[in-house]
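> Sequence isn't available, so here's the structure alone:
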């Protein structure tokens, strides 16, 4: 890269940093640089690369200058990972507002950076399937998004982690393989990730939703399915996310699937999701006991839930000394 752009950016950064008024307000400057024709052949490509480099600067703490020099193919791979992690990391660290615009912003970024991944990250032919086929930074990014959505409401903080633990427990009780349990666990973490597309006024409403609001809330499964579309190796997990509100009798959404036409992972997650919702406090209700929750699952077996899976879940939960998972215990296990 020619030295002039970096020198100019460094001077501008220094001027901003030296200004006493800006320094008093904790205002700093982050720069991203792209040069024609090294980093792009069109204005759109140059803006895209400079924008991505700017987010690398922000992710590194701000008040710095980053460039997109990646002639070496190995550097290109690392840079793409860094950009994805940096951009979405910055998005998640700020107090973002959920809604359709937030969804589109994150979806387009995921699409933008994963479109090129097969040629740089997945060298096998055919490409491997499942979570292990993707860079860990991408998986960390989407799971962080799910946790950030949970954390926007004090009553749902930790919900996805608990649902994941319950779902994995059921999958293990069914004798599923380690790889299958891993997919169930991740699908449960991501089951509500589509709520990033739901307006915050609905998502965080303190009371019950009206019919119009409920119809909007139900679209979170469609948003979740679309958000995971760029992550092709997560195809089975995408199906879990899309269909975790289907009912066994066919009266659920979004496609009114019934019985075994509902993906097994989705049938497992809906039981885990419902159990955690029943036993947890919400702004409009107090959590019920484990016995009450298990009785409710049994009552709805065959209509809302797969009766075989309910039987296995109830049996597994009754063997636990404490059948209600607290988020603090989950965090202590992972720390």
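Now that the structure is in, tell me what you want to look at. For clarity, every value in this text was computed on a predicted model and none was experimentally measured.
> For whichever helix or strand residue 309 is part of, name the packing helices and strands.
Here residue 309 sits within helix 307-318, counting by DSSP states H and E. Helix 307-318 is packed against helix 159-173, helix 264-279, helix 290-299, with contacts defined by 3 or more Cβ pairs under 8 Å, 6 or more residues apart in numbering; DSSP states H and E. (Each C-beta comes from the backbone N, C-alpha and C, glycine too.)
> Of those helices, which is nearest residue 179?
Closest approach to residue 179 among those (Cβ to Cβ): helix 159-173, 10.7 Å.
> Next, the buried residues of that closest one.
Across helix 159-173, burial judged by 16 or more other Cβ atoms under 10 Å covers 159-171, 173.
> Is it possible to get CSV of those that adds pLDDT and distance to residue 13?
Putting the buried residues of helix 159-173 into CSV (pLDDT from 0 to 100; distance: Cβ to Cβ, whole Å) gives the following:
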residue, pLDDT, distance to residue 13
159, 93, 41
160, 94, 39
161, 94, 39
162, 95, 44
163, 96, 44
164, 96, 42
165, 95, 45
166, 97, 49
167, 97, 47
168, 96, 47
169, 96, 51
170, 98, 53
171, 98, 51
173, 97, 57
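> Kindly indicate which of the residues you listed lies nearest residue 310.
Nearest to residue 310, judged by Cβ to Cβ, of those is residue 170 at 9.6 Å.
> Confirm for me that the closest one is in contact with residue 310.
No. Between residue 170 and residue 310 no contact is recorded; they are 9.6 Å apart, counting by Cβ atoms under 8 Å.
> Quickly list what's touching both of those two.
For the pair residue 170 and residue 310, residues contacting each of them under the criterion Cβ atoms under 8 Å, 6 or more residues apart in numbering are residue 271.
> picking up where we left off before, want to throw the helices and strands packed on helix 307-318 into TSV with distance to residue 254?
Formatted as TSV, those follow (distance: least, Cβ to Cβ, whole Å):
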stretch	distance to residue 254
helix 159-173	19
helix 264-279	11
helix 290-299	22
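> rewinding a little: could you give the separation of the helix holding residue 309 from the chain centroid?
Averaging C-alpha positions (Cα atoms, centre = their mean, to the nearest Å) puts helix 307-318 28 Å from its chain's average.
> That one - what's its average pLDDT?
For helix 307-318, mean pLDDT is 97.
> repeat for stretch 215-228
Mean pLDDT, computed over stretch 215-228, is 97.
> secondary structure element for the closest residue to residue 259 other than its chain neighbours?
With Cβ to Cβ, 6 or more residues apart in numbering as the measure, residue 248 is the residue that lies nearest to residue 259, at 6.2 Å, once sequence neighbours are left out. When elements are assigned from DSSP H and E, residue 248 belongs to no helix and no strand.
> What is the burial count for residue 248?
One way to gauge burial is a neighbour count; for residue 248, by other Cβ atoms under 10 Å, it gives 24.
> measure it to residue 181 for me?
Here the criterion is Cβ to Cβ, to the nearest Å. By it, residue 248 lies 22 Å from residue 181.
> of all the buried residues of helix 159-173, which comes closest to residue 208?
Minimum distance to residue 208 across the buried residues of helix 159-173 is 17.8 Å, recorded for residue 159 (Cβ to Cβ).
> Name the nearest residue to that closest one, sequence neighbours excluded.
Leaving aside its sequence neighbours, residue 159 sits nearest to residue 150 (Cβ to Cβ, 6+ apart; 5.1 Å).
> Surely the one you found is in contact with residue 164?
No. Residue 150 sits out of contact with residue 164 when judged by Cβ under 8 Å, with a separation of 11.2 Å.
> hey, which helix or strand in the protein has the poorest pLDDT?
When the helices and strands of the chain are scored by mean pLDDT, DSSP states H and E, helix 117-120 comes last with a mean of 50.
> Can you name the element that comes right after that helix?
Next along from helix 117-120, by DSSP H and E: helix 136-151.
> average pLDDT for that following helix?
The predicted model assigns helix 136-151 a mean pLDDT of 85.
> Could you do stretch 189-204 as well?
Averaging pLDDT residue by residue across stretch 189-204 gives 93.
> Just the terminal-to-terminal distance for it.
Distance between the two ends of stretch 189-204: 19 Å, counting by Cα to Cα, to the nearest Å.
> residues of that stretch that come out buried?
By neighbour count with 16+ other Cβ under 10 Å, stretch 189-204 contains the buried residues 189-199, 202-203.
> Likewise for stretch 289-298?
Neighbour-count burial for stretch 289-298 flags 290, 293-294, 296-297 (criterion: 16+ other Cβ under 10 Å).
> Report how many residues lie close to residue 3.
If you count neighbours by other Cβ under 10 Å, residue 3 ends up with 7.
> how near is it to residue 294?
Distance check for residue 3 against residue 294: by Cβ to Cβ, it reads 68 Å.
> Residue 176 too?
In this structure, residue 176 and residue 294 are separated by 21 Å, where distance is defined by Cβ to Cβ.
> now do residue 152
When Cβ to Cβ is applied, the distance between residue 152 and residue 294 equals 29 Å.
> Tell me where the stretch 1-150 of the chain has strands.
Counting by DSSP state E, counting those that start in this stretch, the stretch 1-150 of the chain has these strands, from start to end: 31-33, 65-67.
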